[in-house]
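Trainee: fold the following.
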Amino acid sequence: MSRLLSRWASMHRDRRIAHLTAWMFVALFAAVTTFGGAPDPIPLITLAVAALVTAFETTGACVGLLGLAAVWTWVSAGFAPDTWWSLPAALCMLGFQCCFLLATDGADQTSIARPVLNRWVTRTLTASALVAAGASLVLVATGAPRPSAGWLVPLGLFVIAATFVAVARTHGPAN
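Mentor: Numbering: from 1, shown residues only. A predicted model of the protein is given here:
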């Protein structure tokens, strides 16, 4: 625990924000899979442990383990491939992968260079918009049934988009 505390104490503010944003996306992903399906508890516990491991060691292998745990959680929830729940889950996975990769691009004590941050935010927002538009078109075209709690999907998409915008505004070129 002292290793974690000393790492976080010496970590630059930009990297802490990137880590916290990534963990928020992991929590949203867990919520989406829980609301949209019935995942087994073991994959959810594995997802939580993998997210905790990234607090101590954020390497490509740890982030990859977290990604595998997320996929396992998603598969265990028993979703059909043509469900509306796949859209917010995919955006959450994109969000936490991008945030963790951005947080690990350099030493913990250094700031994230603004040109790098702006490039990542722009590309992530573009990919998110393309995924949301493409998936929505496919789901509407195939007549995929809306979830019983239909208001949760738009709310989830709004929360995810608001998070991306908040991070972009907080770390924009003027700051």
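Trainee: and the lengthiest helix in the chain, what does it pack against?
Mentor: Scanning the chain for the helix with the most residues, using DSSP state H, yields helix 114-141. Contacts defined by 3 or more CB pairs under 8 Å, 6 or more residues apart in numbering; DSSP states H and E place helix 114-141 against helix 86-103, helix 152-170. C-beta here means a position set from N, CA and C on the backbone, and glycine is covered the same way.
Trainee: and these, which one's lowest on average pLDDT?
Mentor: Ranked by mean pLDDT, the helices and strands packed on helix 114-141 bottom out at helix 152-170, which scores a mean of 65.
Trainee: re earlier: off-centre distance for the longest helix of the chain?
Mentor: In terms of CA atoms, centre = their mean, to the nearest Å, the centre of helix 114-141 is set 13 Å apart from its chain centre.
Trainee: what's the angle between that helix and helix 86-103?
Mentor: For helix 114-141 against helix 86-103, the angle by axes from the mean of the first three to the mean of the last three CA atoms, to 10 degrees is 170 degrees.
Trainee: can you give me the buried ones in helix 114-141?
Mentor: Within helix 114-141, the residues scored as buried using 16 or more other CB atoms under 10 Å are L117, W120, V121, T124, L125, S128, A132, A135, L139.
Trainee: check stretch 22-36 too.
Mentor: Neighbour-count burial for stretch 22-36 flags A22, W23, M24, F25, V26, L28, F29, A30, A31, V32, T33, G36 (criterion: 16+ other CB under 10 Å).
Trainee: surely the last one is in contact with A90?
Mentor: Read it as G36. No. The pair G36 / A90 is not scored as a contact, 11.9 Å apart, by CB atoms under 8 Å.
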